[in-house]
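# Sharing a model that was predicted from the sequence below.
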Amino acid sequence: MNTVLNAAGGEPGAPDGRATRWDEHRQQRRANLIRAARHAVHDLGPQASMDEIATHAGTSKSVFYRYFGDKNGLQVAVGERAIDFMERELLTAAEASDSALDGLFAMVSVYLRLAESSPHVYAFSTRLPPDATTGRPAQGQPAAMADFFDRIAAVMDVHFRDYLRQHGRSPASQSATWYWPRAAIGMVRSAGETWLGTPPEEPRPDAARLARKITAWLTVGLDGTYAAAPSHHPTDPSTPEQELS
């Protein structure tokens, strides 16, 4: 019988075990490089060069180029991983909450705490790289960040409509309610990034206090307050599971 074997010595069409192992190795290597880059950015800042990132990671720049193409590709990969982690933590906090208002507070609080756990990684993950021609900050946001906001807006919309029902108001009668999640995300992000950028010498509220204020601004108004029960506060992000770095 004149059967042609594949490269691994098996029957035609059978998976090549060596190729599968190599793919797994590449995936694991890529994940390790993303983790090393994230730690480098955490320590060095979002402006760190590929040379600096590679040195911090204990490898060569060519290795990063081989896996990510250039710094923009590395930034996309790091951003996707950080944003995925942030989304999981936000949704977990929302699902564990007892009410729509507590769910909103929990999401805002987790967002602030995770951003605060590594402002450098947050900035690296959520901003487009500078324009290659002018060197100026690019307009817009990474695609992964835009998709993240779309999904979070959908969750916040559910919480907002539940909140309206709990207060005897029909969401169907509110012609512009679907704008609220986007407006809320804009406020949370703008307030949070301004808060992160507050100079060390200036007074700054902690994440829990700012989360309570933002929740009140979004649901009650400028004069309102929101006092969350201590048990609803998200876990301190100093634990490994609660850090972007």
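Nice, thanks for sending it over. Residues are numbered from 1 along each chain as shown.

# and Asp206, backbone torsions?
Here is the backbone geometry of Asp206 (degrees, to the nearest 10): phi -80, psi 170.

# Where does pLDDT dip in this structure?
1-17, 19, 129-141, 170-176, 223-242 (pLDDT under 70).

# all helices for it, in order.
Assigned by DSSP state H, the chain shows helices spanning 17-44, 50-57, 61-68, 71-95, 100-117, 119-126, 143-166, 180-196, 207-219.

# Same list (those) but as a markdown table, adding distance to Glu243 and mean neighbour count.
The C-beta positions use only the backbone N, C-alpha and C, and glycine is treated the same way. Formatted as a markdown table, the helices of the chain follow (distance: least, Cβ to Cβ, whole Å; neighbours: other Cβ atoms under 10 Å):
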| stretch | distance to Glu243 | mean neighbour count |
| --- | --- | --- |
| helix 17-44 | 9 | 15 |
| helix 50-57 | 17 | 18 |
| helix 61-68 | 22 | 16 |
| helix 71-95 | 9 | 19 |
| helix 100-117 | 4 | 24 |
| helix 119-126 | 9 | 22 |
| helix 143-166 | 18 | 17 |
| helix 180-196 | 15 | 16 |
| helix 207-219 | 13 | 20 |
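
# okay if I get those helices as a markdown table plus distance to Leu244?
Formatted as a markdown table, those follow (distance: least, Cβ to Cβ, whole Å):
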| stretch | distance to Leu244 |
| --- | --- |
| helix 17-44 | 7 |
| helix 50-57 | 16 |
| helix 61-68 | 19 |
| helix 71-95 | 5 |
| helix 100-117 | 5 |
| helix 119-126 | 4 |
| helix 143-166 | 13 |
| helix 180-196 | 12 |
| helix 207-219 | 14 |
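
# in this protein, which residue is closest to the centre?
Using Cα atoms, centre = their mean, the residue of the chain that lies closest to the mean C-alpha position is Ile83, 2.5 Å off.

# Quick check: it touching Ala143?
No: assessed by Cβ atoms under 8 Å, Ile83 is found out of contact with Ala143, at 10.2 Å.

# how near is the residue nearest to the centre of the chain to Met187?
Between Ile83 and Met187 the distance is 19 Å, computed by Cβ to Cβ, to the nearest Å.

# Ser118 too?
22 Å.

# Distance from the chain centre to stretch 32-52, please.
Taking Cα atoms, centre = their mean, to the nearest Å, one finds the center of stretch 32-52 at 16 Å from the center of the full chain.

# try stretch 142-149
Computed by Cα atoms, centre = their mean, the chain-centroid distance of stretch 142-149 equals 9 Å.

# swap in stretch 196-203?
23 Å.

# Show me which residues of that stretch are buried.
Within stretch 196-203, no residue is scored as buried using 16 or more other Cβ atoms under 10 Å.

# List the contacts of it.
Contacts with stretch 196-203, where a contact means Cβ atoms under 8 Å, 6 or more residues apart in numbering, come from Ala115, Glu116, Pro119, Tyr122, Arg204.

# With distance to Gly79 added, can I get the residues you listed in CSV?
What follows is the contacts of stretch 196-203, written out as CSV (distance: Cβ to Cβ, whole Å):
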residue, distance to Gly79
Ala115, 13
Glu116, 18
Pro119, 14
Tyr122, 10
Arg204, 26
